[in-house]
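Visitor: Structure for this input, please:
(chains A and B)
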Amino acid sequence: MPEPLVAARPLVRGLVGDKAGAWDLAGELPADLLTDLGARGLLCAQVGTEYGGLGASSLANGEFTAFVGGLCSSLRSVMTSQGMAAWTIQRLGDAGQRAEHLRHLVSGGLAAVAFSEPDAGSDLSAMAATITPDGDDVVVTGRKVWTTAAAYADRIVVFGRYGDGAAAVVVPVSRPGVRVTRVADPLGCRAAGHANVELTDVRVPAGQVLGGTGQSLPLLVTAALAYGRMSVAWGCVGILRSCVEAVGAHARERRQFGTALIEHQLVARHMAELYADERSATLACAHASRCWDEGSPDMVAATVLAKYTGSRHAARGAATAVQVLASAGARDGHAVARAYRDAKLMEIIEGSSEICQLMLSRHALAADYS
Amino acid sequence: MTEQTTAETGVPTPAEIESHLLEFLEARTKSAVSPDLDLFASGLVSSMFAMELVVLLEQRYGVAVVGGDLKLDNFRTVQRITELVLRLRDA
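Guide: Reported below is the predicted structural model:
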C-alpha cells in the first residue's frame, strides 16, 4: 500500500473518533471534515499524481475504503461518490477536462454523480433527463433522485439523453436552475448527503460535456458504475469488520448462564459465520481489485461479483451482529444498528442484488472450468 | 497496411487482431462468431460484456477507449472493433 494511505489511517481515525453515531443521528457530516479529507486526495485516492492525486492502486484504495467504511459508512459513501465522479471524468473526459476537474476533486472540491430518476432506477434506459446543445452552451433539464453526497457537492456529474445517444455533463451546483433537496430520513448512510436534484433549463458551457457526444447510455453507465460497485463492495468489507469487532468484544465480555457468550455454541456459530462472511467478501474484493490493477477484462464481472457478495454478506452479517449484541446494540447510533441499516442500503444502490444476479447469470453462461 | 506479421514488427496486424477477437468472443459466448455478425442484435453481447471488450482492447493493444469512443456502435461487429483498434493505435 502506498505510504499516504497508511499514514492517513490514524488521521481519519482521529477525525472520526467516536462521532460516527452522532453524525448518523444528526444526518450530517461536518463540512470541514469533507473538505479536509478531499484536499488531501483521500476521498478519491486513485486520481493520478499528474493531477495532484495520490495515484493509489484499486487494491490499496480498496483497503483504505474498507477502513473508512468500518468507521463510518456515511463518510465512505461520500468517498464512493467522489471516486466515481473522478473515475467518470477520467474515463469519459478529454485531457483538458481531466486536468481541470480532477485537480478540483483533490483540492477540496466535492462531486456527486446523478443517475437515478423517479421513473428510472434499475431501468436506467428509461432516463428522461436531457442535455441539449444551444450555441456554445448546453441546456440540462431533468429530475434526479437519491444522488449520494449531492447535499455536499459543488459539482454534479449528470447523465442524460443527448440527441439519439447519451452524455454526461459536469454541472456546477451554483448554476441558476439547480435545486438540491435532501432526502429526508434515509434508512441508512444517513449522513451521506443523499439528495434529489432538480435541473430546470440549467445552462452550462458545452465544454462541460464529458468527451464526445452520441455515446451509448448503457455503456456510459456501466463504465461509471464500475468504480461505484468496487467502492461499495470494499465499504461492505468495512461494515463486516466493524461487526466482527463488535461481536467479538461483546461475546468475550458478556456473561449469561454463568459463562461468556462465546462459550455458547450457537453464539460461536454466529461469530464463525460473520468471520467467514468478512473473509469471503474481502477475497472477492481483493480479486476484483487485482483484476482492475492488471487491466484484466475479468475486472468487469469480478467487480459485480464483489459488489454482490459484499453487500449480501454485509446485510446478513450486520443482522447477525444485532442478534448477538441484542439490547446492547439495538439502538440507533450504535455501531451494529448503523451497520444493519447501512448494509441494507448497500444491497440496493449501484445495481441492486437482483440486477447483479441478472448480470452474473449471463456471465455464468460463459464459465469455463476446463 | 503492409503484409508484415507480428513476428516481424511486434505489432499485431489487422488480420491478427480480428482473429484474436473472434477467438475471445467464441470462447466467451460459446457460439460461432463471424467478423460481420451483429453482436448486439444476436444477443451475444450485453453492455457489461461490451465493457469487458473495452478493457480487453486496452490491455492487449495498449489503446485507451475513452470519451466519444465509448459507443456501442464501435463494438457492433468484430470488423468494427478491429477498425476502432487500428484507429486508436494510429492516433
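
Visitor: At which residues are the helices of chain B located?
Guide: B:6-9, B:14-29, B:47-61, B:78-90 (DSSP state H).

Visitor: which one of those helices is the most hemmed in?
Guide: Among those, helix B:47-61 has the highest mean neighbour count (mean count of other Cβ atoms under 10 Å in any protein chain shown), at a mean of 21. Backbone N, C-alpha and C define where each C-beta goes, glycine included.

Visitor: Is A:Gly351 in contact with A:Ala306, as I believe?
Guide: No. If you go by Cβ atoms under 8 Å, A:Gly351 and A:Ala306 don't touch, sitting 11.5 Å apart.

Visitor: what's the distance between the residue most central in space within chain B and chain A?
Guide: Nearest residue to the geometric centre of chain B (Cα atoms, centre = their mean): B:Ile81, 3.7 Å. With distances taken as Cβ to the nearest Cβ, to the nearest Å, B:Ile81 is found 13 Å from chain A.

Visitor: What pLDDT is listed against that residue?
Guide: Note on B:Ile81: pLDDT of 96.

Visitor: how close does A:Ala326 get to chain B?
Guide: Distance from A:Ala326 to chain B, by Cβ to the nearest Cβ: 41 Å.

Visitor: Tell me, how many residues neighbour that residue?
Guide: Residues lying near A:Ala326 (other Cβ atoms under 10 Å in any protein chain shown) number 13.

Visitor: do A:Glu100 as well
Guide: 15.

Visitor: which stretch of helix or strand covers it?
Guide: Following DSSP states H and E, one finds A:Glu100 within helix A:95-105.

Visitor: Where does pLDDT dip in chain B?
Guide: Applying pLDDT under 70 to chain B flags residues B:1-8.

Visitor: residue in it nearest to chain A?
Guide: Using Cβ to the nearest Cβ, the single residue of chain B nearest to chain A is B:Gly68, 1.9 Å away.

Visitor: Could you count how many residues lie near that residue?
Guide: 16.

Visitor: so it touches A:Leu220, yeah?
Guide: No. The pair B:Gly68 / A:Leu220 is not scored as a contact, 10.8 Å apart, by Cβ under 8 Å.

Visitor: hang on, isn't A:Lys307 packed against A:Ser352?
Guide: No. Look at A:Lys307 against A:Ser352 with Cβ under 8 Å: they stay out of range, at 10.1 Å.

Visitor: Looking only at neighbour counts, state which of these two leads.
Guide: Per other Cβ under 10 Å, whichever of A:Lys307 and A:Ser352 has more neighbours is A:Lys307, with 33 against 15.

Visitor: what's the distance between that one and chain B?
Guide: In terms of Cβ to the nearest Cβ, A:Lys307 sits 12 Å off from chain B.

Visitor: which residues touch that residue?
Guide: Residues in contact with A:Lys307, defined by Cβ atoms under 8 Å, 6 or more residues apart in numbering or on different chains, are A:Arg229, A:Met230, A:Val232, A:Ala233, A:Glu350, A:Gly351, A:Cys356.

Visitor: cutoff 6 Å now
Guide: A:Arg229, A:Val232, A:Ala233 (Cβ atoms under 6 Å, 6 or more residues apart in numbering or on different chains).

Visitor: element containing it?
Guide: Going by DSSP H and E, A:Lys307 is in helix A:299-325.

Visitor: residues near A:Thr309, how many?
Guide: Other residues close to A:Thr309 by other Cβ under 10 Å number 23.

Visitor: With A:Ala366 as the reference, measure out to it.
Guide: Using Cβ to Cβ, to the nearest Å, one gets 19 Å for the distance from A:Thr309 to A:Ala366.

Visitor: What of A:Ser122?
Guide: Distance from A:Ser122 to A:Ala366, by Cβ to Cβ: 23 Å.

Visitor: unless I'm mixing things up, the residue of chain B closest to chain A is touching A:Val209, no?
Guide: No. Counting by Cβ atoms under 6 Å, B:Gly68 stays clear of A:Val209, with 10.1 Å between them.

Visitor: just to revisit the earlier point, next SSE after the helix holding A:Glu100?
Guide: Using DSSP H and E, the helix or strand that follows helix A:95-105 towards the C-terminus is strand A:111-114.

Visitor: And the following helix or strand past that next one, what's buried?
Guide: Proceeding N to C from strand A:111-114, the next assigned helix or strand is strand A:130-134, under DSSP H and E. Using 16 or more other Cβ atoms under 10 Å in any protein chain shown as the test for burial, strand A:130-134 gives A:Thr130, A:Ile131.

Visitor: what about strand A:130-134, distance to the chain center?
Guide: 29 Å (Cα atoms, centre = their mean, to the nearest Å).

Visitor: what's that strand packed up against?
Guide: strand A:137-147, strand A:155-162 (3 or more Cβ pairs under 6 Å, 6 or more residues apart in numbering or on different chains; DSSP states H and E).

Visitor: Let me see the mean pLDDT of that strand.
Guide: 97.

Visitor: Would you mind putting the CA coordinates of that strand into CSV?
Guide: C-alpha atoms of strand A:130-134 as CSV (Å, rounded to 0.1, in the frame of the first residue of the first chain):
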residue,chain,number,x,y,z
THR,A,130,-31.9,15.8,-21.4
ILE,A,131,-28.7,17.6,-22.4
THR,A,132,-29.5,19.9,-25.3
PRO,A,133,-26.9,21.8,-27.4
ASP,A,134,-27.7,25.6,-27.7
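
Visitor: tell me the angle it makes with strand A:137-147.
Guide: 170 degrees (axes from the mean of the first three to the mean of the last three Cα atoms, to 10 degrees).

Visitor: Residues contacting strand A:130-134, please?
Guide: Counting by Cβ under 6 Å, 6+ apart, residues outside strand A:130-134 touching it are A:Val138, A:Val139, A:Val140, A:Thr141, A:Gly160, A:Arg161, A:Tyr162, A:Ala167, A:Val169.

Visitor: who's the fifth one bridged to?
Guide: What that stands for is A:Gly160. A:Gly160 has the following beta-bridge partners by DSSP bridges: A:Ala167.

Visitor: okay, now it: neighbour count?
Guide: 25.

Visitor: Pairing-wise in the sheet, spell out the partners of A:Val140.
Guide: Residues in a beta bridge with A:Val140, per DSSP bridges, are A:Ile131, A:Val202.

Visitor: Can you tell me what sits against stretch A:53-63?
Guide: Defining contact as Cβ under 6 Å, 6+ apart, one finds that stretch A:53-63 is touched by A:1-2, A:4-5, A:41, A:45-49, A:106, A:234, A:285, A:289, A:292-293.

Visitor: The same query, at a cut-off of 7 Å, please.
Guide: For stretch A:53-63, the surrounding residues in contact (Cβ atoms under 7 Å, 6 or more residues apart in numbering or on different chains) are A:1-2, A:4-5, A:41, A:44-49, A:102, A:106, A:230, A:234, A:285-286, A:289-290, A:292-293.

Visitor: returning to that earlier point: if you count surrounding residues, which of A:Gly351 and A:Ala306 has more?
Guide: A:Ala306 (31 against 25).

Visitor: confidence score at that one?
Guide: 98.

Visitor: mind checking how far it is from A:Leu124?
Guide: From A:Ala306 to A:Leu124 the distance is 21 Å (Cβ to Cβ).
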